[in-house]
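Asks: Need a 3D model of the sequence below.
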Amino acid sequence: MTVAAPARTGPPRRGSDFADLSRRVAEAGLLDRRPGWYAARIGLTVGAYLACWAVLLIGGDSWWQLLTAVALAVTATQVAFLGHDAGHRQMSRTRRASETAGLLLGNLAVGLGYGWWMDKHTRHHANPNHVDSDPDVGAGALVWTEEQAAATRGFGRWLARRQAYLFFPMLLLEGLALRVSSVQAVISGPVKRRAVEGVLLAVHTAAYLGLVFAVLSPLRAVAFIVLHQALWGLYMGCAFAPNHKGMPIFGPDAELDFLRKQVLTSRNVRGGGFVDLLLGGLNYQIEHHLFPSMPRPHLRYAQPIVRDYCRELGLPYTEAGLTASYAEALRHLHAVGRPLR
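Replies: Here you go, the predicted model:
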């Protein structure tokens with residue numbers, strides 16, 4: 001289910017539409033770095049993450065530690081959001097500082113491969129919802145177009161028929177999938193610092209399993225790990241799902257300029273400060289895709305500038321509440337599987 005590129009909207013303008021918008025955003029100072037904000041956010045987030053591990057060590061062998069697993073899932077996702085910001089150089093303009101932060105926050109802290117994620121996420125940003133170029137809409141456990149659904153066979157076809165109902169349960173396996181993909185990338189994927197990433201992932205895994213099994217009995221340790229990884233995957237998936245799922249998917253012949261490519265495929269999520277924290281700033285997905293290096297705290301201030309500019313051009317600017325955004329994603333998955341039913 002792909003759509004053709006829309007005709008250019010709005011009145012003719014001199015030069016690039018995006019250049020005009022970028023100038024307005026830059027004049028507002030929204031592309032300037034916020035090292036103080038990030039220093040405080042890293043301190044608070046990593047501090048909360050380490051505090052959860054301290055609770056595990058102090059609390060001892062108890063079923064109450066399953067609550068610690070829940071808290072760890074939340075704080076680990078917040079750490080991963082910081083790794084995302086580092087990957088986009090929102091914290092620092094220099095490649096070395098950004099990569100160092102990404103490796104420490106990703107590989108070492110939460111066990112998510114920085115190199116694998118950077119390769120995949122960079123391709124997504126370059127061509128969001130482009131069926132041939134965006135890995136996030138490639139055929140896999142889920143299918144995103146009717147053409148992908150028609151190509152399924154066996155269990156994949158059974159899954160495609162029911163994917164809207166199984167979407168959230170399947171996210172419980174996302175944490176495991178992220179870890180497996182990270183390891184596979186270190187072994188044979190597009191990772192530049194293979195040895196460094198491999199060592200950091202190994203240290204994370206050894207420390208993680210060592211601490212859990214040192215404190216908890218085998219049965220409780222397994223329950224702790226399963227709950228933590230399931231909820232971490234669910235939270236990660238729920239943070240990224242509202243942004244593009246259910247938005248137009250373009251085929252190989254679509255030709256869009258940068259502004260329209262990013263705006264037409266992205267959805268913002270309304271909800272105020274709580275949603276800002278819950279989704280790590282990814283709720284301002286349109287602004288983030290237009291200005292990926294913009295510091296997270298500036299996205300909310302860029303939103304009215306971008307929204308008003310899109311209105312000037314007659315360009316659709318999509319916003320929805322959190323629940324409505326999930327509903328749109330599920331409706332799209334259900335529609336894709338309809339021909340198979």
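Asks: where in the protein is pLDDT low?
Replies: 1-15 (pLDDT under 70).
Asks: Would you map the strands across it?
Replies: 268-269, 319-320 (DSSP state E).
Asks: Deepest-packed of those strands, please.
Replies: Burial of those is given as mean neighbour count (mean count of other CB atoms under 10 Å); strand 268-269 ranks first at a mean of 24. Any C-beta I mention is one placed from the backbone N, CA and C, and that applies to glycine too.
Asks: Pull out the buried residues from the longest helix anywhere in the chain.
Replies: Criterion DSSP state H: the longest helix present in the chain is helix 218-244. With burial defined by 16 or more other CB atoms under 10 Å, the residues of helix 218-244 counted as buried are 220-221, 223-225, 227-244.
Asks: same check, this time on stretch 333-341
Replies: Buried residues in stretch 333-341 (16+ other CB under 10 Å): Leu333, His334, Val336, Gly337, Leu340.
Asks: swap in stretch 23-30?
Replies: Val25, Leu30.
Asks: for stretch 174-186, same thing?
Replies: Glu174, Gly175, Ala177, Leu178, Arg179, Ser181, Ser182, Val183, Ala185, Val186.
Asks: Now render these as TSV, adding distance to Arg34.
Replies: Compiled in TSV, the buried residues of stretch 174-186 are given as follows (distance: CB to CB, whole Å):
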residue	distance to Arg34
Glu174	30
Gly175	30
Ala177	33
Leu178	28
Arg179	31
Ser181	31
Ser182	29
Val183	34
Ala185	31
Val186	32
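Asks: just curious, which of those residues is nearest to Asn107?
Replies: Of all the buried residues of stretch 174-186, Ser182 has the smallest distance to Asn107: 7.6 Å, by CB to CB.
Asks: contacting residues around the residue nearest to that closest one when sequence neighbours are not counted?
Replies: Closest residue to Ser182 apart from its sequence neighbours, by CB to CB, 6 or more residues apart in numbering: Gly113 at 2.9 Å. By CB atoms under 8 Å, 6 or more residues apart in numbering, Gly113 lies in contact with Gly106, Asn107, Ser181, Ser182, Val183, Ala185, Val186, Val191, Glu197, Leu201.
Asks: what about the residue nearest to Pro190 when sequence neighbours are not counted, neighbour count?
Replies: Using CB to CB, 6+ apart and skipping residues adjacent in sequence, the residue nearest Pro190 is Asp119, 4.5 Å away. For Asp119, the number of neighbouring residues by other CB atoms under 10 Å comes to 17.
Asks: same deal with Leu211?
Replies: 14.
Asks: That one and Leu57 touch, don't they?
Replies: Yes. Shown here, Leu211 and Leu57 form a contact pair, counting by CB atoms under 8 Å, at 7.1 Å.
Asks: any residues in contact with both of those two?
Replies: By CB under 8 Å, 6+ apart, no residue touches both Leu211 and Leu57.
Asks: related to what we said a few turns ago, pick the one among the contacts of Gly113 closest to Ala324.
Replies: Ser181 (30.0 Å).
Asks: Now do the same contact list for that closest one.
Replies: With CB under 8 Å, 6+ apart, Ser181 has these contacts: Gly113, Trp116.
Asks: Tell me who's in contact with the closest residue to Arg93 other than its chain neighbours.
Replies: For Arg93, ignoring the flanking residues on the chain, the nearest one in space by CB to CB, 6+ apart is Arg33 at 6.8 Å. Going by CB under 8 Å, 6+ apart, Arg33 touches Gln90, Met91, Ser92, Arg93, Pro295.
Asks: Neighbours of the third one, how many?
Replies: To tie it back to what came earlier, the one meant is Ser92. 17.
Asks: Can you pull the phi and psi angles for it?
Replies: Dihedral pair for Ser92: phi -150, psi 150, per degrees, to the nearest 10.
Asks: do you know how far the closest residue to it other than its chain neighbours is from Asp308?
Replies: Among residues not flanking Ser92 along the chain, Ser98 sits closest, at 5.4 Å (CB to CB, 6+ apart). Distance, Ser98 to Asp308, by CB to CB, to the nearest Å: 31 Å.
Asks: what about these two, which has more around it?
Replies: Using other CB under 10 Å as the criterion, Ser98 and Asp308 rank with Ser98 on top: 21 against 12.
Asks: mind checking how far that one is from Met91?
Replies: Counting by CB to CB, the gap from Ser98 to Met91 is 7 Å.
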